[in-house]
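Engineer: The following block contains a protein sequence and its predicted model.
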Amino acid sequence: MALNIAPGDEIGHRKAPLIPVANLKMNNGGMVWKEYQVRLPEGFVADDLKEPSAWRQIQGAKGLVKHDRLYLVAFDESWAAEAIVGYADGEKVVLCKPRLTTFPERFDKLFETELFRIEWVGVGFCVIRKTDNTRMTQPVSSAAIAERELSALHPRGDK
């Protein structure tokens, strides 16, 4: 059986997720270059930092320029990278040798009950129902707040 592959297409080539404009936050706006924190979208892996087109949405709206400094944080916060913009135009960004740092797994397990668990969802902590993995609350800034929200959801016996 012949495969229908257009010239230039690669088998199994994975497209990097686009980085949303809202995930770019300026840390410092200097006179020569700017420093940004970038929250990477879910599914973004370190190897995707090599993909210039992942920056298309940001370049269309705000626009990074050569020499800007980036602190990139993985969705699950398991790793981060520091990089300098080496090239940028209206659609793409090329990073110079990103330096990766991996973070250890949590030392303290997040709270859970037989019905619910607390989970990091990239922008905060949420209560997740175990039976169907449904998000029961909006993301909050700390695990302690999520624990309070979990206790409010938990069924209580009336006396």
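Structural biologist: Looks like it came in fine. Since the structure is predicted, the reported quantities are computational estimates derived from the model, not experimental observations.

Engineer: Name the residues of the top helix by length along the chain that are buried.
Structural biologist: Looking across the chain with DSSP state H, the single longest helix is helix 143-153. Under the neighbour-count criterion of 16 or more other CB atoms under 10 Å, helix 143-153 has Ala143, Ala146, Glu147, Glu149, Leu150 buried. Glycine gets a C-beta too; all of them are placed from N, C-alpha and C.

Engineer: what comes up buried for stretch 89-107?
Structural biologist: Buried-residue list, stretch 89-107, by 16+ other CB under 10 Å: Val93, Val94, Leu95.

Engineer: Just name whatever secondary elements the helix or strand that contains Pro98 is in contact with.
Structural biologist: Using DSSP states H and E, Pro98 sits within strand 93-102. Counting contacts by 3 or more CB pairs under 8 Å, 6 or more residues apart in numbering; DSSP states H and E, strand 93-102 packs against strand 79-88.

Engineer: for the strand it packs on, packing partners?
Structural biologist: If contacts are counted by 3+ CB pairs under 8 Å, 6+ apart, strand 79-88 sits against strand 69-73, strand 93-102.

Engineer: So for Leu18, which of those strands sits nearest?
Structural biologist: strand 93-102 (11.9 Å; CB to CB).

Engineer: what pairs with the closest one, and is each one parallel or antiparallel?
Structural biologist: strand 79-88 (antiparallel) (DSSP bridges).

Engineer: buried ones in the partner strand?
Structural biologist: If you call a residue buried by 16+ other CB under 10 Å, then strand 79-88 has these buried ones: Ala80, Ala81, Ala83, Val85, Ala88.

Engineer: Give me the residues contacting that strand.
Structural biologist: With CB atoms under 8 Å, 6 or more residues apart in numbering as the test, strand 79-88 has contacts from 46, 49, 52, 55, 59, 63-74, 93-103.

Engineer: repeat for stretch 67-76
Structural biologist: Under CB under 8 Å, 6+ apart, the answer for stretch 67-76 is 27, 32-44, 46, 49, 64, 80-85, 88, 95, 98, 120, 122.

Engineer: Extract the CA atoms of that stretch and return them as PDB.
Structural biologist: The C-alpha atoms that make up stretch 67-76 are tabulated as PDB, following Å, rounded to 0.1, in the frame of the first residue of the first chain:
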ATOM      1  CA  HIS A  67      18.200  40.400  22.400                       C
ATOM      2  CA  ASP A  68      15.000  40.200  24.500                       C
ATOM      3  CA  ARG A  69      15.500  37.800  27.500                       C
ATOM      4  CA  LEU A  70      12.900  35.000  28.100                       C
ATOM      5  CA  TYR A  71      12.200  32.900  31.200                       C
ATOM      6  CA  LEU A  72      10.000  30.100  29.900                       C
ATOM      7  CA  VAL A  73       8.000  27.900  32.300                       C
ATOM      8  CA  ALA A  74       6.500  24.500  31.400                       C
ATOM      9  CA  PHE A  75       2.700  24.100  31.800                       C
ATOM     10  CA  ASP A  76       3.200  21.600  34.700                       C
END
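
Engineer: Alright, calling it a day.
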